[in-house]
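1. Give me coordinates for this.
(4 chains)
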There are 2 protein chains.
Amino acid sequence: MPKHEGVSLSVIKRLPRYYRFLGDLLEKGVTRISSRELAQLMRLTASQIRQDLNCFGGFGQQGYGYNVAALHKEIGNILGLNNNYTIILLGAGNLGRAIAKHMDFEARGLHLIGIFDNNPTVVGQQIKGLTVANSTYLEDFCRERKPKAAILCIPKEAAHETVERLMSAGVKCFWNFSHYDLSLAFEDAVVENVHLGDSLMTLCYQINEYYSDGEEK
Amino acid sequence: MPKHEGVSLSVIKRLPRYYRFLGDLLEKGVTRISSRELAQLMRLTASQIRQDLNCFGGFGQQGYGYNVAALHKEIGNILGLNNNYTIILLGAGNLGRAIAKHMDFEARGLHLIGIFDNNPTVVGQQIKGLTVANSTYLEDFCRERKPKAAILCIPKEAAHETVERLMSAGVKCFWNFSHYDLSLAFEDAVVENVHLGDSLMTLCYQINEYYSDGEEK
DNA sequence: TAGATTGTTAATCGATTAACAATC
DNA sequence: TAGATTGTTAATCGATTAACAATC
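-> All right, here's what the predicted structure looks like:
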């Protein structure tokens, strides 16, 4: 049903933020908002908001603005948050466990149905109501449950082989926390990267800029 | 010393990835590489690589290319990875604990020196050799140790007040995991956001696109 | 020297912003 | 109706790519 082929990733990446702000407004009981007001709130231009939204259709009304509840719901639909796609977690180390426990998957259109690890001391543990399974059962599980996506919280070294196994088991979408650019080797994979190491280095650069600016003035 | 005022954030955000790839090449024993070869490896254009690097100076040599070790080191310097800026963690819940244990701060120019939480059952716990302190001691700690940055692994509701306290205690740089756009309220703050919820929704959108494309063909 | 590859300028492309007619 | 605000087209801006002279 959704067909937004021509929409650029820069627009898509802004949608969750719109969704977040509209959700907040909704909680505060705001029923209508103009692009100008929303722009002021989010520190964007009104032009950009209207341009972004009109990639998906005209959700506003001239002279009135946008209905907050309706727009919130529309963006949720565009993002596909109502689909509850099944997802599995690979790697139940510190990060994997935290992601499993911390994230509200259901609110973001996903449903965690399996956790895998190859460390025997971790296998068998209960996390979020799921028993960590040995990675050897990955193929069996995928055949049976057909998960739509996988979270990669595994070390860089294990990433390539794991993705290879997942791809041939029919899992093509990845939330990738491993420091490995999997889209290079797997062209047809759908990848959303969270490279925490890269992000931390970017922070370091910014700290560096902040403190050396002072020195020079 | 570093003064890269005019360099756009799009360039900066690519530096950690260059650093990562050059590190890998270094490990493999590769000593020289041309922009064309590196571009092929990273799936970029050679033009972009040369353009990016020349924002900071001419690190290459005509007819030869780039020395891998030298370039790796240069980028590390630009990112400021040798500075080991002190950083503290706010919030020792699932995510905070995982970040503390999982990240190699030292390799990315940072040094974790304190962890704070206001949950009494968490205070006193040992994480990565640090004892979780009660948040009430935040100001005292900052006065004494002057941390340069803070990691925010706290709930959205607590974010505003916590940042206010940190800012007046002299901490201006943030690695923000909370679903709160702190740069809106604090204009002079330096912020690197990791909005996992937004990222997950973007993944959901992409899964949605991937599976509905199939339907339509 | 000849070949290769950089550094850098110019051309292209895409994304953001401004403007305004359409319309509620 | 008049005022407000959208949807959309046109103008601007920035980032990416191409081209090529400089040079190792």
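
2. and chain A, what are its domains?
-> Listed domain ranges for chain A are A:9-78, A:85-198 (source: automatic domain parsing).

3. what about A:Gln125, neighbour count?
-> Neighbour count of A:Gln125, defined by other CB atoms under 10 Å in any protein chain shown: 14. In short, each C-beta sits where N, CA and C put it, glycine included.

4. State the distance from the residue nearest to A:Leu184 when sequence neighbours are not counted to DNA strand D.
-> Leaving aside its sequence neighbours, A:Leu184 sits nearest to B:Arg43 (CB to CB, 6 or more residues apart in numbering or on different chains; 5.9 Å). To DNA strand D, B:Arg43 is 10 Å away according to CB to the nearest atom of the strand, to the nearest Å.

5. what's around the residue of chain A found nearest DNA strand C, how many residues?
-> Residue nearest to DNA strand C within chain A (CB to the nearest atom of the strand): A:Gly63, separated by 2.5 Å. A:Gly63 has 6 neighbours, counted by other CB under 10 Å.

6. Tell me which other helices or strands the lengthiest strand in chain A touches.
-> The longest strand of chain A (DSSP state E) is strand A:110-117. On a contact count with 3 or more CB pairs under 8 Å, 6 or more residues apart in numbering or on different chains; DSSP states H and E, strand A:110-117 meets strand A:85-90, helix A:94-102, strand A:130-131, strand A:133-134, helix A:138-145, helix B:196-216.

7. What residues of it count as buried?
-> For strand A:110-117, burial by neighbour count (16 or more other CB atoms under 10 Å in any protein chain shown) applies to A:Leu110, A:Leu112, A:Ile113, A:Gly114, A:Ile115, A:Phe116, A:Asp117.

8. Please pull up the helix or strand immediately following it.
-> On the C-terminal side of strand A:110-117, the closest following helix or strand by DSSP states H and E is strand A:126-127.

9. hmm, who's touching that following strand?
-> Residues from elsewhere that reach strand A:126-127 (CB atoms under 8 Å, 6 or more residues apart in numbering or on different chains): A:Ala92, A:Arg97, A:Ala100, A:Lys101, A:Ile115, A:Val132.

10. Go ahead and confirm the fifth one touches A:Ala100.
-> Yep, that's A:Ile115 we're talking about. Yes. The criterion here is CB atoms under 8 Å, and A:Ile115 meets it with A:Ala100 at 6.4 Å.

11. shared neighbours of these two, which are they?
-> Residues within reach of A:Ile115 and of A:Ala100 at once, by CB under 8 Å, 6+ apart, are A:Leu89, A:Ala92, A:Ile127, A:Lys128, A:Leu130.

12. Select only the buried ones of those in ChimeraX?
-> Provided next is the ChimeraX selection string for whichever of the shared contacts of A:Ile115 and A:Ala100 are buried by 16+ other CB under 10 Å:
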select /A:89,92,127,130
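
13. For DNA strand D, state which of the shared contacts of A:Ile115 and A:Ala100 is nearest.
-> Closest to DNA strand D, out of all of the shared contacts of A:Ile115 and A:Ala100 and judged by CB to the nearest atom of the strand, is A:Leu89, at 31.8 Å.

14. State the pLDDT value of that closest one.
-> Looking at A:Leu89, its pLDDT stands at 98.

15. which residues does it contact?
-> Shown in contact with A:Leu89 (CB under 8 Å, 6+ apart): A:Gly96, A:Ile99, A:Ala100, A:Leu112, A:Gly114, A:Ile115, A:Phe116, A:Ala150, A:Ile151, A:Cys153.

16. Who are the contact partners of the fifth one?
-> When contacts are counted by CB under 8 Å, 6+ apart, A:Gly114 touches A:Ile88, A:Leu89, A:Leu130, A:Ala133, A:Phe141, A:Arg145, A:Pro147.

17. how about the residues of chain A near DNA strand C?
-> A:8-11, A:44-45, A:47-48, A:50-51, A:61-64 (CB under 7 Å from any atom of the strand).

18. one more time with 10 Å
-> Within chain A, the positions near DNA strand C by CB under 10 Å from any atom of the strand are A:6-11, A:13-14, A:35, A:39, A:43-52, A:54-55, A:58, A:60-64.

19. Apply the buried test to those and list what passes.
-> Buried among the residues of chain A next to DNA strand C by 16+ other CB under 10 Å: A:Val7, A:Val11, A:Arg14, A:Ser35, A:Ala39, A:Leu44, A:Ile49, A:Arg50, A:Asp52, A:Gly60.

20. Next, give me the two most distant ones among those.
-> A:Val7 and A:Ala39 (19.8 Å; CB to CB).

21. Next up, phi/psi of A:Lys146, please.
-> The phi/psi pair for A:Lys146 (degrees, to the nearest 10) reads phi 50, psi 60.

22. Quick check, it in contact with A:Ile88.
-> No. A:Lys146 lies out of contact with A:Ile88 (CB under 8 Å); the separation is 10.5 Å.

23. Among these two, which residue is more densely surrounded?
-> Neighbour comparison, A:Lys146 and A:Ile88: the larger count goes to A:Ile88, with 22 against 12 (by other CB under 10 Å).

24. Across the sheet, point out what pairs with the more buried one.
-> A:Ile88 has these beta-bridge partners by DSSP bridges: A:Gly114, A:Ala150.

25. rewinding a little: quick one: which of the contacts of A:Leu89 is nearest to B:Asp198?
-> For those, the nearest to B:Asp198 is A:Ile99 (14.5 Å; CB to CB).

26. hmm, back to that, may I have the longest strand of chain A as CSV, with CA atoms only?
-> Taking Å, rounded to 0.1, in the frame of the first residue of the first chain, the C-alpha atoms of strand A:110-117 are listed here in CSV:
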residue,chain,number,x,y,z
LEU,A,110,8.3,-3.8,15.8
HIS,A,111,7.9,-6.9,17.9
LEU,A,112,10.8,-8.7,19.4
ILE,A,113,10.3,-12.5,19.1
GLY,A,114,13.7,-14.1,19.6
ILE,A,115,17.2,-13.6,21.1
PHE,A,116,20.3,-15.5,20.0
ASP,A,117,23.8,-15.8,21.4
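
27. what's the angle from it to helix A:138-145?
-> Per axes from the mean of the first three to the mean of the last three CA atoms, to 10 degrees, the angle that strand A:110-117 makes with helix A:138-145 is 150 degrees.

28. Confidence-wise, which helix or strand of chain A is lowest on average?
-> helix A:196-216 (a mean of 89; mean pLDDT, DSSP states H and E).

29. what about that one and chain B, any contact?
-> Yes. On the criterion CB under 8 Å from any CB of the partner chain, helix A:196-216 is in touch with chain B at A:196-212, A:215-216.

30. What residues of that helix count as buried?
-> Under the neighbour-count criterion of 16+ other CB under 10 Å, helix A:196-216 has A:196-211 buried.

31. Looking at these, which is nearest A:Arg20?
-> Distance to A:Arg20, by CB to CB, is smallest for A:Ser199 among the buried residues of helix A:196-216, at 19.0 Å.
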